[in-house]
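# Sequence below, structure please.
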Amino acid sequence: MNKYLRQAESIISRRFDKSDENYGLLVMGCFALLSKFGDEYLPIVEKVMLETDFHIGNKPLSELLNEGGIAAEDAFRGEEFYDTEMTVTAISSPGIDLWVEDGKIMMEKETPAIFCTTIDGDATTILNAFVHEVAHLIKSTVNVVYSDSPKHFLVRNGLNIFGLSFERNSPLEPNDNSMLDEVINVLQTADMMRAVKELNGSPMSDEVLRFYRKLDLDRIDLLYGYDELTSFVLPLWSNDYFRSSIENNIVIGRIDRIRNDFDSIMGANSFHYYSTYLDYIDGNYDDEKLINNMKDWYDRMNRTYAMRTRVLSMANRNKK
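Numbering: from 1, shown residues only. Reported below is the predicted structural model:
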């Protein structure tokens, strides 16, 4: 049996019985995460899989959220929520709540949670969504909260930095790298789904095999979500320099190192613009001229990054 599959089943069986209807999903999801984050981060994957509240069921996502004590409207930032119109299969909560009370920022830590609906019964989409959301939690476990005063709290969820801050007694909600973090998570999830695909024919327990046989291996490793934005960043994800910078630092929260790595290649503040433009595009999809201009800009940035890192690679080889 594959090493990570064996470890995944060992972890999940400590908490869930093989008769649990979601046992196969949980084991395969844990395997996918281990295939990406590896031995170095095994304790973090194990912690998340054993200590997260999983709300998985054949019912609307709004019901699962309400059962977990979260209003669907709050989970989707106040937007009107209709289950019949939602294509979201899963959502995660890192378990950190910030709010303002009597002019002070209050913080409460709760148990992280995953909410995943199986109402459509599509095992491929369910696994992808489940792994996508648990991957967010893997990357929001270490070095998560930063505060240098009672009026300044930041929370890290992968690359995304958000929180609450007071300036001149007015509350602000800083939010950096939101869409870049989502895009990176989509790309990492596709990598993990390829590892799942490569298990085809490998020995596995009967309970896991029953779930595995439900997967559509022809489409399991497609990119799910944030299609336009992901297409902008995909060429960069194929670059070893960029991918290594992300994957060597994102789990343990060395965001400054990721930013500095990028800026050292592309120039001061380049990472800021590369990330911030994605957030801006996300709110302006109906502006066709903007989208076309942004495509050109990202094409130039990606080509320049590829060219400059090739030069670095050649220089490093010549030093050896």
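
# what's the next secondary structure element after the worst-scoring helix or strand of the chain on mean pLDDT?
The helix or strand of the chain with the poorest confidence is helix 72-75; it has a mean of 66 (mean pLDDT, DSSP states H and E). Remark: after helix 72-75, the chain's next helix or strand is strand 90-93, criterion DSSP states H and E.

# All the strands of this protein, residue numbers only.
53-57, 90-93, 96-101, 104-109, 113-117, 145-149, 152-157, 160-167, 170-172, 175-176 (DSSP state E).

# Let me see the contact set for S244.
Not one residue lies near S244 by C-beta atoms under 8 Å, 6 or more residues apart in numbering. For the C-beta atoms, the positions are set from N, CA and C on the backbone; glycine is no exception.

# Tell me how far it lies from R257.
Distance, S244 to R257, by C-beta to C-beta, to the nearest Å: 11 Å.

# and if you look at N58?
N58 is 43 Å from R257, by C-beta to C-beta.

# same check, this time on E247
Taken as C-beta to C-beta, the span from E247 to R257 is 12 Å.

# of the two, who's got more company?
Set side by side, E247 and R257 show more neighbours around E247, with 17 against 14, by other C-beta atoms under 10 Å.

# Using JSON lines, please lay out the strands of the chain together with mean pLDDT.
Shown next, in JSON lines, are those (pLDDT from 0 to 100):
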{"stretch": "strand 53-57", "mean pLDDT": "96"}
{"stretch": "strand 90-93", "mean pLDDT": "93"}
{"stretch": "strand 96-101", "mean pLDDT": "84"}
{"stretch": "strand 104-109", "mean pLDDT": "85"}
{"stretch": "strand 113-117", "mean pLDDT": "95"}
{"stretch": "strand 145-149", "mean pLDDT": "79"}
{"stretch": "strand 152-157", "mean pLDDT": "89"}
{"stretch": "strand 160-167", "mean pLDDT": "86"}
{"stretch": "strand 170-172", "mean pLDDT": "73"}
{"stretch": "strand 175-176", "mean pLDDT": "90"}
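
# I'd like those strands laid out as CSV, including distance to L312 and mean neighbour count.
Conversion of the strands of the chain to CSV gives the following (distance: least, C-beta to C-beta, whole Å; neighbours: other C-beta atoms under 10 Å):
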stretch, distance to L312, mean neighbour count
strand 53-57, 43, 19
strand 90-93, 36, 23
strand 96-101, 38, 13
strand 104-109, 41, 13
strand 113-117, 39, 24
strand 145-149, 31, 12
strand 152-157, 28, 20
strand 160-167, 28, 18
strand 170-172, 38, 11
strand 175-176, 27, 16
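
# any chance of those strands in TSV, plus distance to I138?
Below are the strands of the chain laid out as TSV (distance: least, C-beta to C-beta, whole Å):
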stretch	distance to I138
strand 53-57	14
strand 90-93	10
strand 96-101	15
strand 104-109	17
strand 113-117	11
strand 145-149	17
strand 152-157	11
strand 160-167	14
strand 170-172	28
strand 175-176	20
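
# looking at those strands, which is closest to L234?
strand 160-167 (19.3 Å; C-beta to C-beta).

# Now tell me what touches the closest one from outside.
The contact list for strand 160-167, computed with C-beta under 8 Å, 6+ apart, reads 98-100, 103, 105, 146, 151-155, 171-178, 181-182, 255.

# Go again with 10 Å.
96, 98-100, 103-107, 136, 139-140, 145-147, 149-156, 171-182, 184-185, 253, 255, 275 (C-beta atoms under 10 Å, 6 or more residues apart in numbering).

# what about that strand, distance to the chain center?
Distance, stretch centre to chain centre, for strand 160-167: 20 Å (C-alpha atoms, centre = their mean, to the nearest Å).

# Same check on stretch 127-143?
Between the centre of stretch 127-143 and the centre of its chain there are 5 Å (C-alpha atoms, centre = their mean).

# in that stretch, what's buried?
Using 16 or more other C-beta atoms under 10 Å as the test for burial, stretch 127-143 gives 127-141.

# Find the nearest non-adjacent residue to N143, please.
Distances taken as C-beta to C-beta, 6 or more residues apart in numbering place G253 nearest to N143, at 3.3 Å, with adjacent residues excluded.

# repeat for Y298
Nearest non-adjacent residue to Y298, counting by C-beta to C-beta, 6+ apart: F232, 4.2 Å away.

# count of residues packed around that neighbour?
So F232, with other C-beta under 10 Å, has 24 neighbours.

# Check the spacing between it and Y226 real quick.
Going from F232 to Y226 by C-beta to C-beta gives 10 Å.

# what residues do the two have in common as contacts?
Common neighbours of F232 and Y226, using C-beta under 10 Å, 6+ apart, are 179, 183, 278.
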